[in-house]
Every structure is written in C-alpha cells, then in structure tokens.
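Novice: quick one, structure for this:
(one chain, ligands or ions: 1)
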Amino acid sequence: MLNLIGLQKFYGKKSVLNDLNFQFTEGQVYGIVGPNGAGKTTLFRCLIGLEDFAGRIQRNENAAKQHIGYVPAEPYFLPKITGKEYLTLLLEARNKSVQEDAAYHVFDIPLDQYINTYSTGMKKKLALLGSLLQNNHIYIFDEVYNGLDFQSCLMVTDIIQRLRSQGKLILMASHIFSLMEETCDTILYLKEGKFDMISERKDFASMKQHISQDLRDSQLDALFPPHTVR
Ligand SMILES: Nc1ncnc2c1ncn2[C@@H]1O[C@H](COP(=O)(O)OP(=O)(O)OP(=O)(O)O)[C@@H](O)[C@H]1O
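Specialist: Model prediction:
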C-alpha cells in the first residue's frame with residue numbers, strides 16, 4: 001500500500017504537486033499520464049525518497065529504498081562498469097542473490113561489456129532487469145517503453161502482468177496512451193500538479209476523449225496556416 005496524503009511539492013516558489021491524495025494498492029497497475037512538465041517524474045522521485053515534500057506518504061514498509069524498484073526515464077550508470085557488475089552491485093545492496101542464472105540473460109544484453117558501450121534500449125533493459133532481479137514489492141517505471149524495440153515492449157507488458165499476478169504494486173508513466181490502456185487497471189491524469197481525472201479500465205475511452213479535448217489544435221495554425229492546407 002502506498003498512500004498519498006496532501007502531497008505537495010515546490011521547487012522554489014513554483015508549485016509542482018498540489019495536494020495529491022490517493023491510495024495505491026498491491027496487485028494493481030497504475031498509470032500516470034499528463035502533459036510534459038505535469039509532475040510525473042517529480043511524484044515518482046517523492047515516492048522513492050529522492051525529494052523532500054510537504055504532506056505525507058504512507059507505506060507498508062518503513063524503508064522505502066529496500067522495497068521499491070525504480071526505473072527512471074533516463075537511467076544513470078557509472079561509465080566504467082560492466083552490465084554484470086552493475087547487477088551484482090544492485091543485488092549486494094539488498095543482500096540478495098539470483099536463483100536462476102538464466103534470469104541474467106532474459107533480455108540478451110551483453111553483460112560483460114562496459115555500460116557506456118550500450119545503446120539507449122540496452123541501458124533501459126539493464127535498469128529494468130536490475131529492478132526485477134531485486135524482487136521488489138513496488139515497481140515505479142518512468143517511460144519504461146521508451147527506446148525499446150517492439151519485441152521488448154511486448155516483453156515489458158508481459159512482465160508487468162506477471163508482477164501484478166504476484167501481487168506487486170506497479171506505477172508507471174508513459175505518453176503512449178494505447179500501451180497504458182493495455183497494461184493498467186487505473187490511469188491517473190496529472191495536470192498542473194493535480195489529478196484532473198482518475199479512471200478505471202471501463203472508463204479509459206472517455207478519459208482519452210477528455211485528454212484530447214485539452215489539445216489546442218489552433219496552436220498548430222501558426223505552423224500550418226489554414227490557407228496553406230489543401
Ligand atoms: N530540479 C528541479 N528544479 C526546478 N524545477 C524542476 C526540477 N525538476 C523538475 N522541475 C520542474 O517541475 C515540473 C515537473 O517536472 P517533471 O519532470 O516532474 O514533469 P513530467 O510530468 O515528468 O514531464 P515529462 O512528461 O516531460 O517527463 C516542470 O515544470 C519542471 O521544469
């Protein structure tokens with residue numbers, strides 16, 4: 001369980017998260033959608049303890065860092081370590097070991113190479129694999145599909161379903177609404193620091209319509225003046 005109670009976040013005088021209240025429960029997949037700059041990453045950073053904030057976040061476990069697996073939109077790695085060394089570090093930090101050696105190889109990443117030789121997608125897969133090997137209770141995936149090839153996207157969707165069936169709590173942000181519709185039980189639309197709309201699966205279509213109404217097509221008229229369109 002993860003409970004937001006009046007969560008607020010300011011950067012200087014700028015309000016980014018404005019009195020968020022919501023209870024996330026285990027065995028569910030939650031999607032956070034919202035415009036660029038809406039505060040999705042900031043919310044995740046508050047949840048994992050990387051930011052200070054006002055209000056409260058209640059969790060079942062006290063030590064968040066022992067139970068949350070976070071895959072940031074742009075994972076950061078030390079340059080001169082190999083993929084295998086990175087995974088070993090993550091496991092040792094939690095005092096855990098891997099049962100099946102094959103688990104290291106599910107994404108077919110060149111684990112003996114330095115990470116700074118990896119492609120964007122390989123880095124994303126390595127960060128994801130690290131969080132999975134740790135066997136966390138809660139997973140937070142920020143733009144986890146970005147940079148992944150089609151097959152890996154399908155694998156990630158499958159992974160999320162399996163985590164859900166193990167009773168894990170999954171929070172994810174993505175700008176690809178179709179993937180969120182496919183994967184999530186509940187989608188929260190974060191806009192200007194507030195949950196503007198919260199929908200369960202049966203209401204995803206009306207949420208999509210609500211979000212599209214927020215698009216300001218007229219802005220594009222500056223690039224494509226009406227008289228130039230045939
Ligand atoms: N360290 C920081 N200092 C000051 N402002 C910040 C900082 N980090 C984020 N912000 C601001 O907070 C707001 C929310 O940013 P955040 O990265 O959480 O948005 P987001 O919803 O994840 O956006 P995107 O969809 O583009 O990834 C933005 O206005 C951003 O400029």
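
Novice: please tell me how far stretch 183-190 is from the chain's geometric centre.
Specialist: Centre-to-centre, stretch 183-190 and its host chain are 11 Å apart (Cα atoms, centre = their mean, to the nearest Å).

Novice: measure Gly167 to the ligand for me?
Specialist: Per Cβ to the nearest ligand atom, to the nearest Å, Gly167 is found 27 Å from the ligand. Just so you know, the C-beta spots here come from the backbone N, C-alpha and C atoms, and that holds for glycine as well.

Novice: please apply the same query to Gly55.
Specialist: Taken as Cβ to the nearest ligand atom, the span from Gly55 to the ligand is 16 Å.

Novice: now do His105
Specialist: 31 Å.

Novice: contacting residues for that residue?
Specialist: Leu111 (Cβ atoms under 8 Å, 6 or more residues apart in numbering).

Novice: gap between it and Phe141?
Specialist: Noted for His105: a distance of 21 Å to Phe141, by Cβ to Cβ, to the nearest Å.

Novice: and Asp214, by the same measure?
Specialist: Counting by Cβ to Cβ - Asp214 and Phe141 are separated by 24 Å.

Novice: higher neighbour count, the two?
Specialist: Phe141 (28 against 11; other Cβ atoms under 10 Å).

Novice: enumerate every residue touching the residue lying closest to that one once chain neighbours are set aside.
Specialist: Spatial nearest neighbour of Phe141, excluding adjacent residues (Cβ to Cβ, 6 or more residues apart in numbering): Met172 at 4.2 Å. Met172 sits next to 29-32, 139-142, 144, 160, 180, 183-184 when contact means Cβ under 8 Å, 6+ apart.

Novice: which SS state does Tyr30 fall under?
Specialist: strand (DSSP: H, G, I helix; E, B strand; the rest coil).

Novice: alongside the ligand, which residues does the protein contribute?
Specialist: Within the chain, the positions adjacent to the ligand are Tyr11, Val16, Gly34, Asn36, Gly37, Ala38, Gly39, Lys40, Thr41, Thr42 by Cβ under 6 Å from any ligand atom.

Novice: how about the residues you listed, which pair is most distant?
Specialist: The largest separation in the residues of the chain next to the ligand, counting by Cβ to Cβ, is between Tyr11 and Gly34 at 16.7 Å.

Novice: more neighbours: these two, which one.
Specialist: Gly34 (22 against 9).

Novice: ok, that one touching Leu190?
Specialist: Yes. Assessed by Cβ atoms under 8 Å, Gly34 is found in contact with Leu190 at 3.7 Å.

Novice: quick one: pLDDT of Pro79?
Specialist: You'll see Pro79 listed with a pLDDT of 78.

Novice: now it: how far from the ligand?
Specialist: In terms of Cβ to the nearest ligand atom, Pro79 sits 23 Å off from the ligand.

Novice: what about that residue, neighbour count?
Specialist: Neighbours of Pro79 (other Cβ under 10 Å): 8.

Novice: which SS state does it fall under?
Specialist: coil.

Novice: which phi and psi does it have?
Specialist: Backbone torsions of Pro79, given as degrees, to the nearest 10, read phi -70, psi -40.

Novice: good, wrapping up.
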